[in-house]
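Enquirer: Sequence and predicted structure, then a few things I'm wondering about:
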Amino acid sequence: MQLVIVESPTKAKTIGKFLGKEYKVESSYGHVRDLPKSKLGVDVEHDFAPQYVIPTKARKLVNQLKKEAAESENVILATDEDREGEAIAWHLLQALGLDENKTKRMVFHEITKSAIENALKNPRDLKLDLVHAQQARRILDRLVGYELSPFLWKKVARGLSAGRVQSVAVRLIMDRENEIRGFKPEEYWSIIAELSKNNQLTQFHLVKIDGKPVEKFDVKNKEQAEKIAEDLRSSDFQVASIESKEVSKNPPTPFTTSTMQQEAARKMGFSSKKTMVLAQHLYEKGHITYMRTDSVNLSQESVAAAKEWLEKELGKNYALESPRVFKSKSKLVQEAHEAVRPTHIPDAPDQIELEDVGEKKLYRLIWQRFMASQMPPARIASTSVDVAAGKYTLRATGQRISFDGYLKIYPTKLTEIELPEFTEKEELKLEKVIPEQHFTEPPARYSEAALIKALELHGIGRPSTYAPTISTIQLRNYVRKEGGRFFPTEIGELVNKVLIENFPQIVDIDFTAKMEEQLDNVAHGKEKWQELIGDFYHPFAKNLAAKYEEVQKQKPVEEKTDIVCDKCGKPMVIKLGRFGKFLACSGFPDCKNAKPLPKEAPKPTGIKCSKCGQGELVERHVNRGRARGKIFWGCNRYPDCDYATWENPTKTNRPAPSSS
């Protein structure tokens, strides 16, 4: 009997279908060893030796696997091919006390009969460099988390925690929030002329003045816009030129982990965590290739199968003569050998049996994206018509799809605009001139897709870390997600400030990206993991010790309220804790009454509202739209008095306007 050990029971069940009776497939249910939860578990005095333990919940399983391994002729470790999978295999070897001579390591990128059979024929040794890279990441994260978190407890609030990659993700969100807060809108105008031909209206946009292109901010105000509009109203309009051309729109690359998470968020509203859970299920059931990858490579067999399906189902004009090859833009591509794709190409989304609706949706997206990558470009017929009106040039652009190509399977938003048939030098009739006022918008807060893209762009984390990173910063209440966008919480903002001021390397984007490169060097055997950790830890520990002495306790300002404590009668104040703001009695510690904030707990300013003369200005927060979370000040008699302002009256000392 040969014992095959994988990480999950679903994977075990799928692989078991492909193997004969001489094989027994068991699951380790993930890692069987880890650093202890109760202490640091890293010997910083002796080359950062990790002190691994078998968690209580895994002991019964480990004993069972030990027994089965002893009764087996060979043990085959069939965990995933990436660093995490290699580390799980190594831990199994250690925990089960396996004989290396009787233990084989098999790897595969998809769970299909041919892939499993091929992997069995070509076992390899454990790659300790991959194990060392995973171990280095785990130890780095443990050192930061277990040594920096107590500092935050002492200097900010109990229960806070810090993470190496998570802290950088919070900084990205906080930096974007600061951009929004400091944003000053800029005015600009656009000019549209509605021209008619045979009673058919077409909108033409101003593009040139005296032959010079009109840039975005060239028309700055209403006076300039009205002057141009006045000129146009007294002008004649003649078609100056017509240009027609056909442009190609190429399909996107097949999915990597990052692009799959981004597209699933955009098209289906899935969180990165949900996407990865669904993808894991699809992989373990044998429907897709390994889902943690930053490669865009595709096997020859898969592209050949795609061509065959396309020719048979859609016709030869929807298939490529030779496969399209993609090159990754990421500097750090490693580990997995292929993009995320379906394992059996003829299994179109409507033909595959999946009970889970989410799995169905994600499989359809993966299948469509892969098939589109092997289809011809879409061809777009574009027509541009320029009209002369004195010194002004106006333009209308139309487009239509002349050949849908890959859009037949992977549709994207593309609006077709039909223009009337124009001829050069023909006269058009002006129906209306529309000057339109615009203001520049602040940068958008990060959506989940945009945050993943930013993490990947900056080289922060790996494909396997995006989902847990985003999940963790929300669980820690450092950011909140509203309307699909991330907002920093007040406690997240405070922790970010403390880290930037005292531990700049921890939240430095370039430093964190460089650390990823060094971890890759460890994985490729170019750097020793102990040296990598030592170079980081020794300066970090020295700085941490100094900061314990230098940094004063960060005491968030307590906000007064009109609410009276129902236990002692003293005023309640708003305090900031790990989970955000809460109400607490101002008589603490004599009275320990605390409770959640009511839906609206406006902060009084002590400044009378001079618009109504009766109310007091209070601090409130916008609770909807793009300005959600932004502070404003308004009369506490609302809706009887509707005065509101963005300016802080306690700083400007500017009274509300008189009602006269």
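Expert: Here it is on my side, so go on.

Enquirer: Just the strands from the stretch 351-500 of the chain, written as ranges.
Expert: 378-389, 392-403, 427-439, 479-482, 485-488 (DSSP state E, counting those that start in this stretch).

Enquirer: now the angle from the longest one to strand 378-389?
Expert: Orientation note: strand 427-439 sits at an angle of 100 degrees relative to strand 378-389 (axes from the mean of the first three to the mean of the last three CA atoms, to 10 degrees).

Enquirer: Which elements pack onto strand 427-439?
Expert: Using 3 or more CB pairs under 8 Å, 6 or more residues apart in numbering; DSSP states H and E, the elements in contact with strand 427-439 are strand 187-197, helix 222-233, strand 237-249. The C-beta positions use only the backbone N, C-alpha and C, and glycine is treated the same way.

Enquirer: Could you give me the buried positions within it?
Expert: Across strand 427-439, burial judged by 16 or more other CB atoms under 10 Å covers L428, L430, V433, P435.

Enquirer: count of neighbours near the closest residue to the last one other than its chain neighbours?
Expert: Ranked by CB to CB, 6 or more residues apart in numbering and with sequence neighbours excluded, the top spatial neighbour of P435 is A225, at 3.9 Å. Neighbour count for A225, taken as other CB atoms under 10 Å: 21.

Enquirer: can you check S241 too?
Expert: Neighbours of S241 (other CB under 10 Å): 14.

Enquirer: thinking again about what came up before, deepest in the core, which of the helices and strands packed on strand 427-439 is it.
Expert: The highest mean neighbour count among the helices and strands packed on strand 427-439, using mean count of other CB atoms under 10 Å, belongs to strand 187-197: a mean of 19.

Enquirer: Pull out the buried residues from whichever helix or strand comes after it.
Expert: Next in sequence after strand 187-197, counting helices and strands by DSSP states H and E, comes strand 200-209. The neighbour-count check on strand 200-209 (16+ other CB under 10 Å) flags T202, F204, H205, L206, V207, I209 as buried.

Enquirer: Quick check: neighbours of strand 200-209 in the sheet, parallel or antiparallel?
Expert: strand 187-197 (antiparallel), strand 212-213 (antiparallel), strand 392-403 (antiparallel) (DSSP bridges).

Enquirer: Which among those strands is found nearest to G587?
Expert: strand 187-197 (51.9 Å; CB to CB).

Enquirer: Next, the angle from the closest one to helix 222-233.
Expert: 10 degrees.

Enquirer: Please renumber the chain so that the first residue is 24 from this point on.
Expert: OK, 24 is where the count begins now, so the last one is strand 210-220.

Enquirer: Could I get the average pLDDT for stretch 121-139?
Expert: Throughout stretch 121-139, pLDDT has a mean value of 92.

Enquirer: just stretch 425-440 next, same as before
Expert: Here the average pLDDT along stretch 425-440 is 93.

Enquirer: Using the record's assignment, carve this structure into domains.
Expert: Residue ranges for the domains of the chain, per automatic domain parsing: 25-149, 158-205+467-573, 210-273+401-462, 282-396, 582-675.

Enquirer: follow-up on the earlier one: which of the buried residues of strand 223-232 lies closest to R468?
Expert: Nearest to R468 among those, with distances taken as CB to CB, is H228, at 29.9 Å.

Enquirer: per-residue confidence for that closest one?
Expert: For H228, pLDDT reads 98.

Enquirer: And for A650?
Expert: Reading off the model, A650 has pLDDT 59.

Enquirer: Need the winner for burial among the strands of the stretch 374-523 of the chain.
Expert: Counting by mean count of other CB under 10 Å, the most buried of the strands of the stretch 374-523 of the chain turns out to be strand 508-511, with a mean of 22.

Enquirer: other SSEs contacting it?
Expert: Using 3+ CB pairs under 8 Å, 6+ apart, strand 508-511 sits against helix 187-204, strand 502-505.

Enquirer: Quick check: which of the ones you listed is buried the most?
Expert: helix 187-204 (a mean of 20).

Enquirer: Quick check, L305 in contact with M299.
Expert: No: judged on CB atoms under 8 Å, L305 makes no contact with M299 at a distance of 10.6 Å.

Enquirer: overlap in contacts of these two?
Expert: M314 (CB atoms under 8 Å, 6 or more residues apart in numbering).

Enquirer: Would you mind giving the buried residues of strand 450-462 as TSV with distance to S351 added?
Expert: Shown next, in TSV, are the buried residues of strand 450-462 (distance: CB to CB, whole Å):
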residue	distance to S351
L451	50
L453	52
V456	50
P458	47
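
Enquirer: could the residues you listed go into CSV alongside distance to V645 and pLDDT?
Expert: Below are the buried residues of strand 450-462 laid out as CSV (distance: CB to CB, whole Å; pLDDT from 0 to 100):
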residue, distance to V645, pLDDT
L451, 46, 96
L453, 42, 96
V456, 36, 97
P458, 30, 96
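
Enquirer: Looking at those residues, which one is closest to M197?
Expert: P458 (38.7 Å).

Enquirer: Is it correct that the closest one is in contact with A252?
Expert: Yes: counting by CB under 8 Å, A252 is a contact partner of P458 at 5.0 Å.

Enquirer: If you tally nearby residues, what's the number for F611?
Expert: So F611, with other CB under 10 Å, has 15 neighbours.

Enquirer: Please read the previous query as pertaining to Q284.
Expert: 30.

Enquirer: buried ones in the helix or strand where it lies?
Expert: Using DSSP H and E, Q284 sits within helix 280-291. Applying a neighbour-count criterion of 16+ other CB under 10 Å, one finds T280, S281, T282, M283, Q284, Q285, E286, A287, A288 buried in helix 280-291.

Enquirer: next structured bit after that helix?
Expert: Assigned by DSSP H and E, the successor of helix 280-291 is helix 295-307.

Enquirer: I would like the residues contacting that next one, please.
Expert: Residues beyond helix 295-307 that count as contacts (CB under 8 Å, 6+ apart) turn out to be 31, 33-34, 37, 133-134, 280, 283-284, 287-288, 293, 311-314, 363, 379, 381-382, 385-386, 389, 471, 475, 489-491, 493-494.

Enquirer: Can you tell me which of those residues are classed as buried?
Expert: Of those, these count as buried by 16+ other CB under 10 Å: 31, 33-34, 37, 133-134, 280, 283-284, 287-288, 293, 311-314, 363, 381-382, 385-386, 389, 471, 475, 489-491, 493-494.

Enquirer: out of these, which are inside helices?
Expert: 33-34, 37, 280, 283-284, 287-288, 381-382, 385-386, 389, 471, 475, 489-491, 493-494 (DSSP state H).

Enquirer: With distance to V65 as added columns, please give the strands of the stretch 374-523 of the chain in a markdown table.
Expert: Shown next, in a markdown table, are the strands of the stretch 374-523 of the chain (distance: least, CB to CB, whole Å):
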| stretch | distance to V65 |
| --- | --- |
| strand 401-412 | 54 |
| strand 415-426 | 59 |
| strand 450-462 | 53 |
| strand 502-505 | 29 |
| strand 508-511 | 31 |
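
Enquirer: To P73, which of those lies closest?
Expert: Closest among these, using CB to CB: strand 502-505, at 30.6 Å.

Enquirer: The closest residue to T488 other than its chain neighbours and S137, how far apart?
Expert: Distance criterion CB to CB, 6+ apart; nearest residue to T488, sequence neighbours excluded, is V188 at 5.9 Å. As defined by CB to CB, to the nearest Å, V188 lies at a distance of 37 Å from S137.

Enquirer: Fine by me, we can end here.
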